[in-house]
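> Sequence first, then the predicted structure:
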Amino acid sequence: MEMAAKKNLDLAMISPNAEPPVCRIMDYGKFRYEQARKEKEAKKKQKVVVVKEVRLRPGIGDNDLKTKSNNAIKFLQKGDKVKVELRFRGRELGHKDIGKEVMMKFIELVSEFGEPNKAPKFEGNNMVVIIDPKK
């Protein structure tokens, strides 16, 4: 403590449980500032995964499907995941094969920029698939 006082610095305990306890003479304010900067840099470098959503219907027209796929392609190019949700209502539930065709057509349109991580599956009245961007 005397050595730290002579140098006008702080005495920080590195390992208090060791025998004998390990201490270090340093400028504690400067140390905290550098730690905060390191944390800030690490936060800048981390990538946040965003899931964008595209909704379809079984009776969607070809041009509308192309428009939706172009939007999904933009999302995939940015590096975002795309959740494609095909909604069935009423009597449409009796024609799940039509919905499956629409979903496969959509996946084929965006296949150049992303691939589905799993096969399309039903969640209630919706058929859902998540498309990951290609690296």
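Cool, got the structure. Numbers count the residues shown, from 1 in each chain.
> got the contact list for the closest residue to residue 102 other than its chain neighbours?
With sequence-adjacent residues excluded and distances taken as C-beta to C-beta, 6 or more residues apart in numbering, residue 102 is closest to residue 58, at 5.7 Å. C-beta here means a position set from N, CA and C on the backbone, and glycine is covered the same way. Counting by C-beta atoms under 8 Å, 6 or more residues apart in numbering, residue 58 touches 86, 88, 92, 95, 98-99, 102.
> ok so residue 58 is a helix residue?
No. Counting by DSSP: H, G, I helix; E, B strand; the rest coil, residue 58 falls outside a helix, being coil.
> any idea how far it lies from residue 121?
Distance from residue 58 to residue 121, counting by C-beta to C-beta, to the nearest Å: 16 Å.
> which of the contacts of residue 58 count as buried?
Neighbour counting with 16 or more other C-beta atoms under 10 Å marks 86, 88, 92, 99, 102 as buried within those.
> I'd like these written out as CSV, with pLDDT and distance to residue 54 added.
Formatted as CSV, those follow (pLDDT from 0 to 100; distance: C-beta to C-beta, whole Å):
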residue, pLDDT, distance to residue 54
86, 93, 9
88, 92, 16
92, 87, 18
99, 90, 14
102, 92, 12
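> Can you tell me which of those end up in strands?
Using DSSP state E, the members of the buried ones among the contacts of residue 58 that fall in strands are residue 86.
> I figured residue 106 hits residue 73, correct?
No. Between residue 106 and residue 73 there is no contact under C-beta atoms under 8 Å: 10.9 Å.
> domain ranges for the protein?
1-44, 51-133 (the TED database).
> Let me know which of those is tucked in deepest.
domain 51-133 (a mean of 15; mean count of other C-beta atoms under 10 Å).
> And that one, how far out from the chain middle?
19 Å (C-alpha atoms, centre = their mean, to the nearest Å).
> How about stretch 8-25?
41 Å.
> quick one, phi psi at residue 6?
Residue 6 adopts backbone torsions of phi -60, psi -40, taken as degrees, to the nearest 10.
> Cool, thanks, signing off.
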